[in-house]
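> could you work out the structure for the sequence below:
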Amino acid sequence: MRRMLYATFLMPGTSHYVELVHPYRRFESCGVSRIGASLYDRDGRELASATLPLTETVVDLGEIFPQTDGTALVLTDVAYDMRGKQHPYQYGFLYQSAPDSTPIHYPLDIALGLTNAINYFPNHGYFPLGPLPSWLRIRLYLGNVSEHETIEPEVTLAAGQEKRSFTVSLPPLAHRLIDLPEQGGQTVDYLTVAGEVKPICYVAGVNRATGALTFLEHLMQTFKPDAEAGDLGNVPEPETVLR
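Numbers count the residues shown, from 1 in each chain. Predicted coordinates for the structure are as follows:
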């Protein structure tokens with residue numbers, strides 16, 4: 001039996017659904033025997049927990065958890081039995097109440113577990129940005145799945161040859177929303193989030209006028225290994241990529 005921990009965020013004023021075992025239609029098809037779900041506030045205090053009945057593969061987080069005044073961290077702990085590195089995936093469906101907001105469909109971040117992605121450089125996430133429209137703001141959703149240790153991931157913004165970094169302190173099971181600072185008119189080419197352990201990390205686009213999210217995506221890992229030798233392949237570090 002194996003376990004995989006997925007993470008997302010419950011946001012006020014939204015309807016939020018999660019597909020628990022994509023691409024399977026039944027739990028028994030991927031050997032899932034149990035799914036637990038927990039909700040934590042900004043400072044890591046547990047607000048609710050539940051063992052989900054294995055009846056519906058798509059669940060409404062608003063029916064599982066109580067309403068919260070602020071954003072809350074959701075962790076889903078899946079016990080399953082599949083061969084090799086196969087595992088079920090989870091996808092979120094986010095619907096917002098803001099006028100003209102866009103429905104968002106996104107893959108959930110795998111916080112812990114055996115996955116093909118573990119062969120990548122797992123504690124170094126990368127997200128390309130480039131020129132942004134004036135109405136769009138970039139926000140990070142950062143979280144810590146450790147029950148005992150504070151982590152301090154470093155966020156780096158790269159604008160041309162210049163890099164600016166700052167750290168974010170995350171107590172156990174806590175999370176933070178970070179709006180990226182203005183860069184004085186400079187274009188941020190990409191951002192990275194790195195640390196000794198893997199933080200939960202989503203990048204979101206926020207409409208400055210309405211506050212609605214325009215996209216929600218977890219960070220990509222930057223180094224792909226050689227499939228034969230298992231060594232790091234020839235994919236360069238992001239700062240050496242020609243732009």
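
> helices of the chain, start to end?
Along the chain, counting by DSSP state H, helices occupy 61-64.

> can I see the domain layout of it?
With domains defined by automatic domain parsing, the chain comprises 2-116, 119-240.

> least reliable of the ones you listed going by mean pLDDT?
Mean pLDDT values for the domains of the chain show the minimum at domain 119-240, a mean of 81.

> starting at the chain centroid, how far to that domain?
Relative to the chain's own centre, domain 119-240 is displaced by 10 Å; criterion: C-alpha atoms, centre = their mean, to the nearest Å.

> got the contact list for residue 38?
Applying C-beta atoms under 8 Å, 6 or more residues apart in numbering to residue 38 gives the contacts 46, 48, 49, 50, 74, 75, 77. All C-beta spots, glycine's among them, are computed from the backbone N, C-alpha and C.

> give me that answer again for 10 Å
5, 46-50, 65, 72-77, 173 (C-beta atoms under 10 Å, 6 or more residues apart in numbering).

> same check, this time on residue 174
Counting by C-beta under 10 Å, 6+ apart, residue 174 touches 40-45, 73, 142-144, 146, 150-151.

> which of those fall within strands?
40, 73, 142, 143 (DSSP state E).

> neighbours of the first one, how many?
The one in question is residue 40. Per other C-beta atoms under 10 Å, the neighbour tally for residue 40 reads 23.

> same check, this time on the last one
Other residues near residue 143 come to 25 when the count uses other C-beta under 10 Å.

> wait, what's in contact with it?
Listed by C-beta under 10 Å, 6+ apart, the contact partners of residue 143 are 7-9, 40, 42, 44, 73-75, 109, 111, 151, 170, 173-176, 199-202.

> before we move on, the earlier item: of the contacts of residue 38, which is the most crowded?
Ranked by neighbour count (other C-beta under 10 Å), the contacts of residue 38 have residue 73 at the top, with 26 neighbours.

> from residue 39, how far off is that residue?
Going from residue 73 to residue 39 by C-beta to C-beta, to the nearest Å gives 7 Å.

> same question for residue 10.
According to C-beta to C-beta, residue 10 and residue 39 sit 7 Å apart.

> find the residues that touch each one of those two.
Shared contacts of residue 10 and residue 39, defined by C-beta under 10 Å, 6+ apart, comprise 47, 61, 64, 65, 66, 68, 72, 73, 74.

> okay if I get the residues you listed as CSV plus distance to residue 130?
Listed next are the shared contacts of residue 10 and residue 39 as CSV, based on distance: C-beta to C-beta, whole Å:
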residue, distance to residue 130
47, 37
61, 32
64, 37
65, 36
66, 39
68, 34
72, 31
73, 29
74, 30
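
> with respect to residue 180, which of these is nearest?
If you rank those by distance to residue 180 using C-beta to C-beta, residue 73 comes first, at 20.2 Å.

> correct me, but that closest one touches residue 175?
Yes. Residue 73 is within contact range of residue 175, at 4.6 Å (criterion: C-beta atoms under 10 Å).

> quick check: neighbours shared by those two?
Contacts common to residue 73 and residue 175, judged by C-beta under 10 Å, 6+ apart, are 7, 9, 40, 41, 42, 44, 141, 142, 143, 144, 145, 200.

> that's all I had, so thanks and see you.
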